[in-house]
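Chemist: Structure of the sequence below:
(2 chains)
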Amino acid sequence: MTELQTPQAGDDAAPDTDVVALLMRQHGDIRNLFDEVEAAEGDARQEAFRRLVRLLAVHETAEEEVVHPFVRRNVTGGEQVVDDRLAEERSAKETLSALDDMDTNDPKFMAHLLALRADVQEHARAEERYEFTHLRRSADAAGLALLAKGVKAAEAMAPTRPHPGVESAAANMALGPVAALMDRTRDAVRRATGRD
Amino acid sequence: MTFNPLEQRGIPLDRQLRNWRELDVAPIDPDHCDPYTRCRIITMNGIEVEAIMFSHMLARNTVDPEVKRQLARTRYIEAQQQKVVNWLLPGVSSVLETTIAYEQVAVDLTAWVARMEPDPYLKQAYQFGVLEDFDHLYRYANLYEMIEHRKAESVVDGLTEVMPGRPTKFHHRNPVDNVRDPYDKTRTDPLSKLHALTIMSTEQQTMNFYMNTGPTYMEPIARQLYQEIGLIEEEHVTHYESLVDPGETWWEQLVNHEYNECYLYHSFMEQESDPRIKAIWELHLNMELEHLHIACDLMRKHDGRDPESVLAPALPNVLTFEPNKAYLRELLDTQIDLTTLGAGYVRDAHERFEKMQEGIHGGEAAPSERVMTQHDEMFGREYRIETEGEHPDPALRGK
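Modeler: Numbers count the residues shown, from 1 in each chain, chains lettered A, B, ... in the order given. The predicted model follows:
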């Protein structure tokens, strides 16, 4: 109906100096992509689903590498907060991996997609309410900006390019495309934040 | 089909209590529900909140302990009804997302009431107010895209347009100019009483919602916009509550409240697209019928009057959530530059209005203006949904 496209986080003109604002916009981007996959058919659905998988993989990896470690280290009770989020992420990742092998035209695809969507949405709101609030309370402006930089480094991984690194094609196949992408994103974040 | 609630019996009050399992309703799916199902939920929550608070006020003005106990019994059940209705809203929705839905209610409910209102003075009051809610929807929609990267379209689903109405900065009027003249309870159409109560209740709930959730935001522009629009909701409550005849006795008002609940649950039961939610509207209608009978008995006893003398002989046509795009465009074309003076409406920015504007804006841009500037900085455009063509007012067309 409307031709307005909301650009993805990082592509709008926001200064991106606050990791929480950045991640919240990315949550919206993910939700938008779910809408797109549901509305599309045939090849367009396949293509939109690829983009969704990439964004999810990159987003979750960035949170695991950048946000969760900070909360674990700097927030009282942070261990528990992060463990709860990781449990949700594991569940979403399992559904995601199962979906990733599925043909988007498979009659069972939509039911799996909706289940994933519900998991992802609940996880995203839980992060916003129970983790991000701690983040904003514990990190100063410089800290939030530094974390944002790490997330942006992860973002640069989607869309993905062929990875020239150590993993063999066979290993990639074994891990599955989602897992491989997550690994590559993890490497990129660690390089950007000087932790490799 | 005519339906006279006075002739129907519902569920006996002592069988209306629900246990935890029955209260624990599954929420709607925000991404796949009928937007008007969510509108009906938000509306009925506002109606139940008003029922509860009205009953508390009445109890505080009641001396007889037996009457207090009678009011408490019904009120507890109404508190359970409010829990069931409002708990249909999902925890995964953000405050801002729910806010967009509140404004969709304000736009399409008020527009429908304006269309159906038989009294020209009351009709004007709704027409005036709806253009302000319409602008609030537009401002919040832009904030929503900024904070969550989501489009208001994903909430309103093309049923309601999103574009400028009467600019929010001009809604700040001298408080005395928000007070309207009341209808005359002895001469007004019974439908007019129900309309006034409905819109007053939903605006009041919107005011409550913004005053409580606004400060949960951390983003400065969000906090400021909720403050600004929250203050306007107070003006709207003043505007609509003053339409009600203050000569109605407490018992008459109680009967009107219960009757209106029957009317709305009946209306929503008739049009509900989600069978699970429809069953809730039906159950609550059957509870309200009994609340109405109890209220009628109280009125007979304490006022010495028959409730039939103040109520309609049958329920009016169902109150309906439906798109009102053409109607709103006509109002945008003809009433956008109105303000109030005393209990009437004028086109000029009179002295009292100018003074209020000067005082509240303090020489700076209002939050409702700054949200647009900040949105433009972020996206290089504004957010609108114009499904029926460009804005009717050439001055308010997009760049």
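Chemist: what residues are up against the closest residue to B:Phe321 other than its chain neighbours?
Modeler: Counting by C-beta to C-beta, 6 or more residues apart in numbering or on different chains, B:Tyr36 is the residue found nearest to B:Phe321 once chain neighbours are left out, at 4.0 Å. For the C-beta atoms, the positions are set from N, CA and C on the backbone; glycine is no exception. Shown in contact with B:Tyr36 (C-beta atoms under 8 Å, 6 or more residues apart in numbering or on different chains): B:108, B:159, B:271, B:273, B:321-322.
Chemist: Same question for A:Arg25.
Modeler: A:Arg25 is in contact with A:9, A:12, A:14, B:147-149, counting by C-beta under 8 Å, 6+ apart.
Chemist: cool, B:Asp29 as well?
Modeler: A:118, B:90.
Chemist: Nearest residue to the closest residue to chain B within chain A in space, ignoring adjacent ones along the chain?
Modeler: In chain A, no residue comes nearer to chain B than A:Gly28, which is 3.2 Å away by C-beta to the nearest C-beta. Among residues not flanking A:Gly28 along the chain, B:His149 sits closest, at 3.2 Å (C-beta to C-beta, 6+ apart).
Chemist: cool, B:Gln16 as well?
Modeler: Using C-beta to C-beta, 6+ apart and skipping residues adjacent in sequence, the residue nearest B:Gln16 is B:Ile77, 4.7 Å away.
Chemist: Might you list the low-confidence residue ranges for chain A?
Modeler: A:1-3, A:157-177, A:194-196 (pLDDT under 70).
Chemist: Of all residues in it, which one is nearest the centre?
Modeler: By C-alpha atoms, centre = their mean, the mean C-alpha position of chain A lies nearest to A:His59, the distance being 1.8 Å.
Chemist: was I right about that one contacting A:Ile30?
Modeler: Yes. At 6.5 Å, A:His59 and A:Ile30 qualify as touching, with contact defined as C-beta atoms under 8 Å.
Chemist: What is the burial count for B:Gln357?
Modeler: 17 (other C-beta atoms under 10 Å in any protein chain shown).
Chemist: can you give me the helices in the stretch 151-300 of chain B?
Modeler: Secondary structure of the stretch 151-300 of chain B (DSSP state H, counting those that start in this stretch): helices at B:153-156, B:190-213, B:220-241, B:250-271, B:275-303.
Chemist: what's the residue nearest to B:Gly398 when sequence neighbours are not counted in contact with, if anything?
Modeler: Leaving aside its sequence neighbours, B:Gly398 sits nearest to B:Arg384 (C-beta to C-beta, 6+ apart; 6.2 Å). B:Arg384 makes contact with A:2, A:4, B:138, B:141, B:161-163, B:398, according to C-beta under 8 Å, 6+ apart.
Chemist: Kindly supply the PyMOL command isolating those of these that are buried.
Modeler: Buried members of those, defined by 16 or more other C-beta atoms under 10 Å in any protein chain shown, are picked up in PyMOL with:
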select buried, chain B and resi 138+141+161+162+163
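Chemist: now, among the contacts of B:Arg384, which is nearest to A:Gln121?
Modeler: Using C-beta to C-beta, the shortest approach to A:Gln121 within those belongs to B:Ala141, at 20.2 Å.
Chemist: What count of nearby residues applies to the residue nearest to A:Gly28?
Modeler: Residues near B:His149, counting by other C-beta under 10 Å, number 24.
Chemist: Need the nearest residue in space to A:Gln26, chain neighbours excluded.
Modeler: A:Ala9 (4.5 Å).
Chemist: Chain B: strands as residue ranges?
Modeler: Ranges of strands within chain B are B:339-341, B:344-346, based on DSSP state E.
Chemist: of these, which approaches chain A most closely?
Modeler: It's strand B:339-341; of the strands of chain B, that one is closest to chain A (C-beta to the nearest C-beta) at 31.2 Å.
Chemist: that older thread, for the residue nearest to the centre of chain A, give its distance to A:Ala98.
Modeler: Applying C-beta to C-beta, to the nearest Å, the value for A:His59 to A:Ala98 is 19 Å.
Chemist: what do you get for A:Leu144?
Modeler: Using C-beta to C-beta, A:Leu144 is found at 35 Å from A:Ala98.
Chemist: quick one, which of the two is more surrounded?
Modeler: Applying other C-beta under 10 Å to A:Leu144 and A:Ala98 shows that A:Leu144 carries more neighbours, namely 20 against 14.
Chemist: mind listing what's buried in the helix or strand where the more buried one lies?
Modeler: Per DSSP states H and E, A:Leu144 falls inside helix A:141-155. Buried residues in helix A:141-155, counting neighbours by 16+ other C-beta under 10 Å, are found at A:144, A:146-155.
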